[in-house]
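Trainee: need the 3D shape of this:
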Amino acid sequence: MFEMLKNVLVEELQLDPEEITLDAELANDLGINSIELADLVMLCEDKFDIEIEDDDIHKFITVNDVVTYLEAQKKN
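Mentor: As a prediction, this is how the structure comes out:
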C-alpha cells in the first residue's frame, strides 16, 4: 500500500520520491497544502475505490497515517 500511495504522490503531486517515507509529514516534510491534500484524498478514493470521510482527513499527518487508513478501508 505504501508503494501505491508513493506512486500517487510522485505522479500526481510531483513530489520527490526520495522524500516520501512512512514518517514524512504531509505538510511539514512534503509541503502538501490543503488543496493538494484534497486532491490526494480524491485520487486515493478513485485509485483504491474507497470513500474517505471528511472527518477523517484531519487525521492524515504522516504518510503512514494515510497508508494505515487506506489499509483499514480496503479490509472493510
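Trainee: so which residue is dead centre in this structure?
Mentor: Nearest to the geometric centre of the chain sits Val66, at 4.8 Å (C-alpha atoms, centre = their mean).
Trainee: let me see the contact set for that one.
Mentor: Taking C-beta atoms under 8 Å, 6 or more residues apart in numbering, we find Val66 in contact with 5, 26, 40, 44, 60. Heads up, the C-betas are built off the backbone N, CA and C, glycines and all.
Trainee: Glu19 too?
Mentor: For Glu19, the contact set (C-beta under 8 Å, 6+ apart) comprises 29-30.
Trainee: give the bridge partners for the closest residue to Ile61 other than its chain neighbours, please.
Mentor: Distance criterion C-beta to C-beta, 6 or more residues apart in numbering; nearest residue to Ile61, sequence neighbours excluded, is Glu25 at 5.9 Å. Taking DSSP bridges as the rule, Glu25 bridges to Thr62.
Trainee: all numbers from here: first residue = 229
Mentor: In the new count, where the first residue is 229, that last one comes out as Glu253.
Trainee: could you tell me how many residues sit around Glu253?
Mentor: With neighbours defined by other C-beta atoms under 10 Å, the count for Glu253 comes to 15.
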